[in-house]
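[1] fold the following, please.
(one chain, ligands or ions: 1)
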Amino acid sequence: MENVRSETFLITGGCGYFGYRLARSLHKGGARVVLFDTAPPKQETPEDIQFVQGDICDYAQIARAVVGVGCVFHIASYGMSGREQLNRHLIEAVNVQGTQNVLKACVEHGVSRLVYTSTFNVVFGGQVIENGDESLPYLPLHLHPDHYSRTKSLAEMSVLKANGTTLKDGSGLLRTCALRPAGIYGPGEQRHLPRIVGYIEKGIFRFVYGEASSLVEFVHVDNLVSAHKLAAEALTSQKQHCSAGQAYFISDGRPVNNFEFFRPLVEGLGYPFPKVRLPLCLIYFFAFLTEMIHHLIGPFYNFQPLLTRTEVYKTGVTHYFSMAKAKAELGYEPQEYNLDEVVQWFRCRGHGKTSCRSFLGRLILDILFVAALVTVALSFLPVVGS
Ligand SMILES: NC(=O)c1ccc[n+]([C@@H]2O[C@H](COP(=O)([O-])OP(=O)(O)OC[C@H]3O[C@@H](n4cnc5c(N)ncnc54)[C@H](O)[C@@H]3O)[C@@H](O)[C@H]2O)c1
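    All right, here's what the predicted structure looks like:
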């Protein structure tokens, strides 16, 4: 990556899974790196990677941190999964106002480049998309089933709109672009994989859903790192600012059935892959009920919802995108990865089947599973009849 040695990169959300991996890669390439995050890094970090504890919702904190920085990777976000999804106020504050603060800080303090980590969700809301590209319109805001996706969309729009803004110190213009990743995986991923492994180990992962032919996409964390470095480079004058004002879908470029993607993880941990396939609409309705219950009970008992409607769409409805624009304009070339190192990561931490569960234990789980299914199916009846 050009100029990497002479430049300082600031990463908002730099202590999260992806941000930290990007930081280590930039640092390895000789760059100065600042991690800006509300929480410190979980791993042992080289001394010359600077950590600034701060909140993007506080303008003064982010403004102080960007002084002297050449390029910002704006990765911090809130509300993607689990309990966080309930906190609409914080989702809005971090994803929308936080992004505006980061942009304003760049303009006020002469930061000329910003790469925003967006998501597939800005165009996807449960409709089938086959080999979609960047000409697709944003999903209308009112159609987003979750607040996270809606606010990520608003944030991406404001990032791209800020492209070309004159910097206050007269040094030139702010150039911005957005990358829209698929679901991120890799060893040590903390958001999705531990939850999936938890479901496998608790015996909840006993069925798959949706059409066997439905296709989705994933991106290995290191492919995403490479795309971000290329996107930042393409904002420079050496690359004619070719990524400025642009959005790019980023994945491994290998559409796959969601559940088949996880088969090596399930089997690698010694569990049988489920044979039962349920209709998507049944699971969607179950997710809807779960969200309703979470909405009512969440303020008193903030449990982890089993599945949300967005997660059902994301896992069961075909949506994949062409990498042609990222390849042509950024020079993005995704490498091939598999789940071996992920399986290894979990095995090293004591996961994986060691003994057979008792017959009685399995029987009780089977009965509970069938009872839950019957309940969901029965609860359909008044809806259908009304
Ligand atoms: N994980 C995925 O599958 C996925 C898919 C598509 C897009 N994305 C996007 O990729 C990015 C990285 O995802 P990740 O899985 O590494 O997330 P993560 O949750 O591991 O990291 C986010 C980091 O942001 C920090 N943060 C949150 N609020 C902050 C604030 N107010 N100020 C400063 N820092 C704050 C958190 O402490 C955390 O360290 C996010 O922008 C996310 O929206 C993720």
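[2] rest of the way, CA atoms for contacts and neighbours
    Fine.
[3] what about the helices in this protein?
    17-28, 59-65, 88-92, 99-108, 147-162, 193-202, 221-233, 258-268, 280-297, 309-316, 324-325, 340-348, 359-385 (DSSP state H).
[4] kindly reformat those as CSV containing distance to the ligand and mean pLDDT.
    Output for the helices of the chain, formatted as CSV (distance: least, C-alpha to the nearest ligand atom, whole Å; pLDDT from 0 to 100):
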stretch, distance to the ligand, mean pLDDT
helix 17-28, 4, 98
helix 59-65, 9, 98
helix 88-92, 8, 96
helix 99-108, 9, 98
helix 147-162, 7, 97
helix 193-202, 10, 93
helix 221-233, 9, 98
helix 258-268, 13, 97
helix 280-297, 19, 90
helix 309-316, 11, 92
helix 324-325, 18, 98
helix 340-348, 15, 97
helix 359-385, 28, 62
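[5] neighbours of Gly316, how many?
    Counted with other C-alpha atoms under 10 Å, the neighbours of Gly316 add up to 27.
[6] excluding chain neighbours, what is closest to it?
    Once flanking residues are discounted, Gly316 sits nearest to Gly210: 5.0 Å by C-alpha to C-alpha, 6 or more residues apart in numbering.
[7] the ligand contacts on the stretch 1-150 of the chain?
    When proximity is defined by C-alpha under 6 Å from any ligand atom, the stretch 1-150 of the chain lies next to the ligand at 12-13, 15-19, 37-39, 54-57, 75-78, 94, 117-119.
[8] narrow those residues to those in strands?
    Counted as lying in strands by DSSP state E, out of those, are 12, 37, 117.
[9] from the stretch 101-250 of the chain, which residue is nearest to the ligand?
    Gly183 (3.5 Å; C-alpha to the nearest ligand atom).
[10] that residue bridge partners, please.
    Gly183 has these beta-bridge partners by DSSP bridges: Phe218.
[11] that one: what's it in contact with?
    217-219 (C-alpha atoms under 8 Å, 6 or more residues apart in numbering).
[12] cool, His228 as well?
    Per C-alpha under 8 Å, 6+ apart, neighbours of His228: 115, 179.
[13] measure it to Cys177 for me?
    Here the criterion is C-alpha to C-alpha, to the nearest Å. By it, His228 lies 10 Å from Cys177.
[14] which neighbours do those two share?
    Counting by C-alpha under 8 Å, 6+ apart, the residues touching both His228 and Cys177 are Val115.
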